[in-house]
Every structure is written in structure tokens, then in C-alpha cells.
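Q: quick one, what's the 3D model for this:
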Amino acid sequence: MDLVCHEAPEWAQLQVHFQAFKEGFDLQQAFGADPQRLEKLSQQAPYVFADLSKNWLLENTEALLAQLGHARKVHALRDSMLAGQAINTSEGRGAMHWLLRTPQDGGLLRENKVVQAWPADMRQALGDVHSTLNAMLQLAEQLRADSRITDVVNIGIGGSHLGPEVVVQALEDWVDTGKQFHFVSNVDGHELGHVLRKVRPESTLFLIASKSFTTAETMLNAHSAREWFLANGGSDSAEDACNIDRHFVALTTNTEAAAAFGISRTLGFWDWVGGRFSLWSAIGLPIAIAIGATQFRRLLQGAHAMDAHFFTAPDAQNLPMRLGLLDVWNRNFCGFSSRCIAPYSHGLRRLTAYLQQLEMESNGKRVTRHGHKLEVPTCAVVWGEPGTNGQHAFFQMLHQGPDVIPVEFIALRDGGKYLGAHHQSLVINAIAQAQALMVGRHGEGVERDCPGNRPSTFLLLQSLDPASLGALIALYEHRVFVSGAVWGINSFDQWGVELGKKLAQELRVCQQTDDWRGVDPSTVSLMQRLAESPVNGN
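A: Take a look at the predicted model:
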């Protein structure tokens, strides 16, 4: 029987190691004691420079964490993922999102022994990936060239919404089609309604993103969009110029359901593509329409470079490995229950929301993949806001609050067309905040005192271009995998999400039949109150 993570001897060694921090660790003193601290705790990975030197790390902390990683078989699980094995054990599937950005000849992974030993079905899977990619990019170019389409509305939820949205927003300087892009996910009709008020049926393309074409929230929005389209001059007749088949595309594997909806143009993907890892697949069609085939391939290229780095670099120079182990250190040994993401880039304004899903849906679990209950916490709460807005909102708590919360700064060296005073001020603010968290402020009165010695990580991209963004997102994907592997959980299922959906369906049946047997009184009261007509505004 496999040990749970906290039963490993290496875990106990790290607990003993942390006593040095309890006795009084100080970041400024650590820099003074080790002139090589910055060099040891920073590195350049593909497209991303990382400075980890302001974290609570001693000289041998990373080595002890690496030993824990080996003991928890992170490397073996990583190789199993690369081999296409069913590491998503609860659903009996592989987790091969990285294959979506692998060149057909293996690219930077050609020399990897695991890849060289791929069986025929893995090579066939890679061929299928590129056939679908080519078809998707061909369709994207056709849609980009269609001047009659002025608005693209992506209807999805979860990863099929957040992934494309964060990338299209981040790469808005690369969007040159003259088209506007809208993203709808909330089942609250106001979101869809606000979008529909801005567009016209004859010039709007709807992308319906649902692998099964049954996702409740997505399909409710899709049917409402279809009704609006038909009620405002659109048609379901193939003979009409403004028809459903021309103005709707389905990103799904359920072609029969899409056809029943009236859509013949479909792009599919595979069951080993999880929603929160799916932007590289046909789900990325809105991205490809926005930035074009060439730049979409650059997005994949950057992600593939990070994949190759993760699958081949030694631990001491493997950035996803180092960050994933750092997350375990911060959560389980330092006791930090949350992590603040502070992207100093307007383009990355939705990155935190994307990372919340990626990390908290993947690793927000308390049972291992072998069915053992964990007695230690797993995923930290991920939250944040773009700088400098965050500085005038919650940074007060980060500097003076009683809780120590690690901050992750993300900045760009090159601001592109806005490289002047705006961008210089932006990045200097990020650097200054990281410094302020470390050094604090003392001797100016107790009410002004900032304790300092608060940890942070600084990630620096050369620029916010497709390749750099692809590398950054892949970095976070692999980082989540590493920490999940240490905890021994399955990072690729999401049964908690399914529970809420199941109960919502059951409540609809109870409402229709007025049969509330077995439902708790609070829920019954709220459902009945929902059905009542408001009286006097109450």
C-alpha cells in the first residue's frame, strides 16, 4: 500500500527542517549571509524568468523538497503522463493536453526515451491531433477573412470559457481582424442579454463549446442565443443566407446533438482533454480566429518549449518542479493557506480567474487517487487582482495584516507599444511591492509599522506575445501537476463540480412535481420563496 504524503520519512525531515524558520528566519539576513542566494534561487526557463529568492527558503530547503518529490514518485507519474497512460485513474483516461502542442515529429521531445518508446496508438493520437489542428486553423482563417462577420460570441463554461477568454484578452494587441470577441458563460441571462444587445444576427458568429453538447449552463445559453437569432431575422433554412448553420459552429464530439441543434460545422477533441486544459484544442477556435493560424502555432510553440523543459530538465533547473514543490512547502510546512496572484499587466487581467479554476478545481481535494483520506491540507486559495489596482485595494492587508500571504508577481520586461512612462512605472511598482513585502517599514510609529519578511515570487516575461503566454500557461499546468502528485491526489477529475450540477437537476424535478420528500427544510424554504410573487418589495 502506498503511503499517504505525510507518512513519508521525507515529510518528517521537512517538518524538522522548518523548525529553523520558527526560530527566526529573516529574508534580509538570508541575503546578507549568502551572496549567491539570488543566483541559486532564480532561473531562466523557456520565455519566463523566475526569481524565487524572496521566499522562505534556506540553502537546502529545495534539496529536501526534491527528495520528497522523488519519494512521492512525481517523476514516475510525469513519465506515465508522457507515455499516455491513464493517470486520471477515476475516469480511466490519460492527461495528454501537452500532446496538443507537440510537433508532429516530436519536436523538442524527440530525444526523450519515453517518446521514443511510444506505441503505435500514441503516434496515431499525435497524427489525429495535427489533423484536427489543421482543420481548425483552416476554418479559423476562413472565418477571419469573412468581412461579413463582425462579432464572435463564444458560449461555454469553465475551461471552455476561461481558457479562450484569458488568451484572447492577453493577446489583444495581436488581434487584427476587425472583429469583436465576446465570452458568455454565466447562466444568468443578463450576461448573454448584454452581449446580444450589442450584436446583429447577420454579422454574428456563435461558437458553442461543449464536449458533450449537454452541459446544462452552456446549452441553456446556446438555445437562448438560437431563439434570439431566429426571432431577429435569422433562419434555420439552408436556403437562407442568414441561417443557423452559417452563424453557429459547435466545438464538440457529439455531432448528432449539434446536428439536431442545426449545426453541421463541428470540431471535436478527445476524452483525454480536460476542460481546464483544453484551450490548445478545438476549444481554442476563438483564439485562432482572433490572432490567426501563424500566431496560434506560436502559442503552441511556447507551451511545447515549457513541456520539453518540464519533461527533461533536472530538478534543480526545472521551474515547474521547483514551483510545484514550493507550493507544497508553503501550504504544508509554512502554513500559508492562500496565495495572491498579482499580474502587473492589463492583458493578464483575467489570469487569476483562470488560475483559480486550474489550481483549485485540480487540487482542491482531500482524498488521494488510492482512496485514502488526507490529514494535511492541499490546494491553497488562489486569488488576486492586476497591479496597480491591487495596491490600492488589498495590499494593505498583505503588508500589515496578521496573516502571511505569499504573493506572486507577474510582469513584462517589454510593454510593446506602451513601453514608455506607463510601462516603466507599472513594472517599477511591481518590483517595489516585492521589495516592500521583504524589507517592511520600522521606526516610524507602531501604527505605520510593516513587519516585512513576507515571501514573494517574481515571474518576468520578455513580452506578452503568443509564445511567452503559451509558456506561462503551460508552466502553471505542470506546476499544478507536481503539487498534486506530491499530495497523491488525482488532479484531473472534478467530482465536487458534478455534485452541485446533480443536485440542481434534482431540485428542478422537485419543483415540477412539488414533491420535497428528503430535501432539507432550508433548501425547501428557499425554493418555495423563489416561486412566490414578491410582496411590497420583499
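
Q: how near is L207 to V184?
A: In this structure, L207 and V184 are 10 Å apart, going by Cβ to Cβ, to the nearest Å. Quick note: C-beta positions are derived from backbone N, CA and C, even for glycine.

Q: what touches both of the two?
A: Taking Cβ atoms under 8 Å, 6 or more residues apart in numbering as the criterion, L207 and V184 both touch V153, N154, I155, G156.

Q: surely the first one and P201 touch.
A: Spelled out, that is V153. No - V153 is beyond contact range of P201, at 11.0 Å (criterion: Cβ atoms under 8 Å).

Q: between those two, which is the more surrounded one?
A: V153 (24 against 19; other Cβ atoms under 10 Å).

Q: ok but the more buried one is inside a helix, no?
A: No - counting by DSSP: H, G, I helix; E, B strand; the rest coil, V153 falls outside a helix, being strand.

Q: contacting residues around it?
A: By Cβ under 8 Å, 6+ apart, the contact set of V153 is H182, F183, V184, V195, V199, T204, L205, F206, L207, A225.

Q: so which of those belong to helices?
A: Of the contacts of V153, the ones assigned to helices by DSSP state H are V195, A225.

Q: return the member of the contacts of V153 nearest to K40.
A: F183 (41.8 Å; Cβ to Cβ).

Q: in the sheet, which residues pair with that closest one? Tell me.
A: Using DSSP bridges, the beta-bridge partners of F183 come out as N154.

Q: roughly how far does it sit from I157?
A: Taking Cβ to Cβ, one finds F183 at 10 Å from I157.

Q: before we move on, what SS does F49 have?
A: Assigned state for F49: strand (three-state reduction, three-state DSSP).

Q: confidence score at it?
A: pLDDT, F49: 98.

Q: same thing with A20?
A: Looking at A20, its pLDDT is 84.

Q: number of nearby residues for the spatially closest residue to it that is not a sequence neighbour?
A: Distances taken as Cβ to Cβ, 6 or more residues apart in numbering place L58 nearest to A20, at 6.3 Å, with adjacent residues excluded. Look at L58: counted by other Cβ under 10 Å, it has 17 neighbours.

Q: for L58, what are its contacts?
A: Contacts of L58 (Cβ under 8 Å, 6+ apart): H17, A20, F21, F25, A30.

Q: isn't the first one up against L64?
A: Spelled out, it's H17. Yes - counting by Cβ under 8 Å, L64 is a contact partner of H17 at 5.6 Å.

Q: in terms of secondary structure, what does the biggest helix by length in the chain contact?
A: Secondary structure assigned by DSSP H gives helix 285-312 as the longest helix of the chain. Secondary-structure packing of helix 285-312 (3 or more Cβ pairs under 8 Å, 6 or more residues apart in numbering; DSSP states H and E): helix 74-82, helix 120-145, strand 151-155, helix 159-170, strand 180-184, helix 319-328, helix 466-487.

Q: list the buried residues in that helix.
A: Residues of helix 285-312 classed as buried by neighbour count (16 or more other Cβ atoms under 10 Å): 285-293, 295-311.

Q: give me the more crowded residue out of H17 and L64.
A: More crowded of H17 and L64, by other Cβ under 10 Å: L64, with 20 against 16.

Q: on the pLDDT front, check that one for me.
A: 98.

Q: now for it: which residues touch it?
A: By Cβ under 8 Å, 6+ apart, the contact list for L64 reads E10, Q13, L14, H17.

Q: equivalent analysis for L319, please.
A: Neighbouring residues of L319 by Cβ under 8 Å, 6+ apart: Q43, A45, V48, A50, H309, F310, A313, L475.

Q: how close does the residue lying closest to the second one once chain neighbours are set aside get to F336?
A: What that stands for is A45. Take A45 and drop its neighbours on the chain: the residue closest to it by Cβ to Cβ, 6+ apart is L319, 4.0 Å away. Separation of L319 from F336 (Cβ to Cβ) stands at 20 Å.

Q: same question, T368
A: The value you get for T368 to F336, if Cβ to Cβ is used, is 22 Å.

Q: give me the low-pLDDT residue ranges for the stretch 301-450 of the chain?
A: Scanning the stretch 301-450 of the chain for pLDDT under 70 picks out 417-419.

Q: hmm, back to that, and the shared contacts of L207 and V184 as CSV, adding pLDDT and distance to L133?
A: Listed next are the shared contacts of L207 and V184 as CSV, based on pLDDT from 0 to 100; distance: Cβ to Cβ, whole Å:
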residue, pLDDT, distance to L133
V153, 98, 23
N154, 98, 18
I155, 98, 22
G156, 96, 19
